[in-house]
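Asks: here's my sequence, what's the structure:
(one chain, ligands or ions: 1)
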Amino acid sequence: MSYPLPAPARAWRDKVRRFVAEELIPHEVAAEMNGGVLAPEITARHKRIAKEIGLSALAIPRELGGAGLSFLEQVVIQEEIGKVTNALGWCYSSTPPWMVEACAGSAHQMETWVKPNIRGERHECYAITEAEAGSDVDAIQATARREGDDYILNGEKWHVTSANHADHFIFQAKLAGGPHAGAHCLFFVDMDAAGIVLVRTPAYTHNYAAHHPIYRFDNVRVPAANRIGEEGGGMEFTYDWFRYERLGIAARCCGAAQRLIDEATAFAKTRVAFGKPIAEQQSIQFMLADSLTELWAARLMTYRTAEEIDAGIDRKASHAQCAMAKLNASEMAGRVADRAVQIFGGRGYMRENVAERFYRELRVDRIWEGTSEIQRLIIAHGLYKRGQATLIE
Ligand SMILES: Cc1cc2nc3c(=O)[nH]c(=O)nc-3n(C[C@H](O)[C@H](O)[C@H](O)COP(=O)(O)OP(=O)(O)OC[C@H]3O[C@@H](n4cnc5c(N)ncnc54)[C@H](O)[C@@H]3O)c2cc1C
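Replies: Below is the predicted model:
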């Protein structure tokens with residue numbers, strides 16, 4: 001026991017660990033061989049059990065129907081969820097906290113989108129990235145033009161994760177005209193709104209049931225009541241979302257690394273070459289030792305970042321800390337997966353092997369929610385503006 005986790009966090013960890021090991025991991029290979037998709041009754045079972053054990057809207061206050069967990073408890077859970085491949089852990093409602101904060105002032109938005117989302121009855125997807133705007137979010141060309149009591153939305157959005165499971169978009173656009181022209185704004189857009197076109201669903205490196213399609217919005221008319229927050233407040237919500245997701249990615253990367261180290265260690269102890277287990281070879285020991293050391297460091301950073309949020313750290317400082325946690329953990333997990341493939345040898349190149357799947361799947365953690373280069377820029381800006389003492393002392 002290397003970290004003084006409070007008893008409730010430990011209890012959550014043990015409960016979710018059992019769920020992942022007994023219910024999710026046994027279906028990984030079937031999912032891998034079937035484009036990430038399991039038989040409907042198995043997916044339904046995963047969702048039901050997740051709900052029964054309390055996995056639902058972890059970050060949302062209890063009075064709104066969420067689990068009301070601390071960030072430390074959430075990262076401990078995310079770590080366990082990160083141990084399973086093929087995104088089989090995406091089986092519960094994960095309403096982000098920014099949504100509640102942004103929509104609290106609108107009973108209409110709370111009742112129409114947020115509360116059903118918390119209950120797992122409705123599902124959102126994020127339409128921010130465009131063909132010519134990814135890291136540089138401010139380069140988006142999507143527009144929102146006010147027309148009477150409505151907005152007219154135009155633009156094309158890429159990599160819209162889980163759009164095939166969602167029933168509404170969070171659409172990010174720049175305001176065209178009006179006092180806040182050029183400022184960012186977010187909108188709830190129901191999927192059946194007129195003018196939404198599914199352009200195509202590209203294939204990606206991983207095999208997930210959740211796809212990442214490209215959508216075009218052609219003069220999509222939405223009521224002004226669908227605008228999230230005030231005109232021009234969009235980027236703040238997007239930053240909140242990025243922070244939350246980056247910490248989650250850090251935790252899931254730690255979980256993946258833990259599983260890979262366990263599996264590679266077990267294999268190394270039993271695989272005999274040249275008359276003795278490969279675990280006795282120093283080169284294998286070094287790979288496992290480096291992996292464990294790097295995992296521990298990443299986990300400590302992730303837990304501490306979560307505790308800082310729970311303690312009410314300033315949002316700007318948290319932004320840099322979450323970037324450091326994501327950068328460090330995602331790069332660490334990539335190295336660990338590469339070593340695990342090497343330790344498994346030829347078996348590590350087979351899709352039925354967990355190391356092969358994680359080797360591919362973990363790659364995106366250095367890209368989505370901000371690439372490693374963008375995390376480094378955020379960290380450097382934080383260092384220049386706030387100084388080391390504010391960020392890490
Ligand atoms: C599987 C997947 C799912 C995704 N899901 C979603 C989603 O649900 N919703 C959504 O809106 N987006 C989503 N994205 C988009 C994702 O967030 C972007 O791909 C990511 O932010 C990078 O943007 P880009 O692909 O346009 O790369 P670019 O911004 O074009 O970057 C290309 C390269 O240049 C580097 N680079 C760019 N600027 C700098 C700089 N200033 N300094 C140094 N290097 C730089 C980048 O680090 C990268 O290596 C998803 C992407 C993937 C792959």
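Asks: who touches the longest strand along the chain?
Replies: Secondary structure of the chain read by DSSP state E shows that its longest strand is strand 214-223. The contact list for strand 214-223 (C-beta atoms under 8 Å, 6 or more residues apart in numbering) reads 127, 142, 147, 149-160, 163, 169, 171, 187-189, 193-202. Any C-beta I mention is one placed from the backbone N, CA and C, and that applies to glycine too.
Asks: just the buried residues of those.
Replies: Neighbour-count burial (16 or more other C-beta atoms under 10 Å) applied to the contacts of strand 214-223 gives 127, 142, 151-160, 163, 169, 171, 187-189, 193, 196.
Asks: return the residues of the stretch 101-250 of the chain in contact with the ligand.
Replies: Residues of the stretch 101-250 of the chain that fall close to the ligand, judged by C-beta under 6 Å from any ligand atom: 126, 127, 128, 129, 134, 135, 159, 160, 161, 204, 212.
Asks: need the contact list for whichever residue of the stretch 51-200 of the chain sits closest to the ligand.
Replies: For the stretch 51-200 of the chain and the ligand, the shortest gap (C-beta to the nearest ligand atom) falls at residue 134, measuring 1.8 Å. Applying C-beta under 8 Å, 6+ apart, we find residue 134 in contact with residue 158.
Asks: so of the buried ones among the contacts of strand 214-223, which ones are in strands?
Replies: Those of these lying in strands (DSSP E): 127, 151-157, 169, 171, 187-189, 196.
Asks: widest-spaced pair of those?
Replies: Within these, 156 and 188 form the most distant pair, 18.8 Å apart (C-beta to C-beta).
Asks: below-threshold pLDDT in the chain: ranges please.
Replies: Flagging of the chain using pLDDT under 70 yields the residue ranges 1.
Asks: so who does residue 167 touch?
Replies: The contact partners of residue 167, taken as C-beta under 8 Å, 6+ apart, are 122, 123, 190, 191.
Asks: which residues in the stretch 151-300 of the chain form helices?
Replies: With DSSP state H, counting those that start in this stretch applied, the stretch 151-300 of the chain shows helices at 234-270, 282-310, listed in chain order.
Asks: quick one: the shortest one to chain centroid distance?
Replies: Between the mean C-alpha point of helix 282-310 and the mean C-alpha point of its chain there is a distance of 19 Å (C-alpha atoms, centre = their mean, to the nearest Å).
Asks: what's that helix packed up against?
Replies: Counting contacts by 3 or more C-beta pairs under 8 Å, 6 or more residues apart in numbering; DSSP states H and E, helix 282-310 packs against helix 71-81, helix 234-270, helix 315-344.
Asks: isn't residue 82 right up against residue 260?
Replies: No. Using C-beta atoms under 8 Å, residue 82 is not in contact with residue 260; the gap is 10.6 Å.
Asks: pretty sure residue 19 sits against residue 52.
Replies: No. Contact status for residue 19 versus residue 52: not in contact, 9.5 Å apart, counting by C-beta under 8 Å.
Asks: please name the nearest non-neighbouring residue to the closest residue to the ligand within the stretch 201-350 of the chain.
Replies: Taking C-beta to the nearest ligand atom as the measure, the point where the stretch 201-350 of the chain comes nearest the ligand is residue 212, at 4.6 Å. Leaving aside its sequence neighbours, residue 212 sits nearest to residue 159 (C-beta to C-beta, 6 or more residues apart in numbering; 4.5 Å).
Asks: the one you found touches residue 131, doesn't it?
Replies: No. Contact criterion C-beta under 8 Å: residue 159 and residue 131 do not qualify, at 10.1 Å.
Asks: just the angle for the longest strand of the chain relative to strand 150-157, thanks.
Replies: Orientation check (axes from the mean of the first three to the mean of the last three C-alpha atoms, to 10 degrees): strand 214-223 against strand 150-157 gives 170 degrees.
Asks: what distance do you get for residue 326 to residue 53?
Replies: According to C-beta to C-beta, to the nearest Å, residue 326 and residue 53 sit 27 Å apart.
Asks: these two: which has the busier surroundings?
Replies: Taking neighbours as other C-beta atoms under 10 Å, residue 326 and residue 53 compare with residue 326 leading, 32 against 15.
Asks: next SSE after whichever helix or strand residue 11 is part of?
Replies: Assigning secondary structure by DSSP states H and E places residue 11 in helix 7-19. Sequence order places helix 28-33 as the next helix or strand after helix 7-19, per DSSP H and E.
Asks: other residues contacting that following helix?
Replies: Outside helix 28-33, the residues within contact range by C-beta under 8 Å, 6+ apart are 37, 38, 84, 85, 86, 88, 207, 209, 351, 352, 354, 357.
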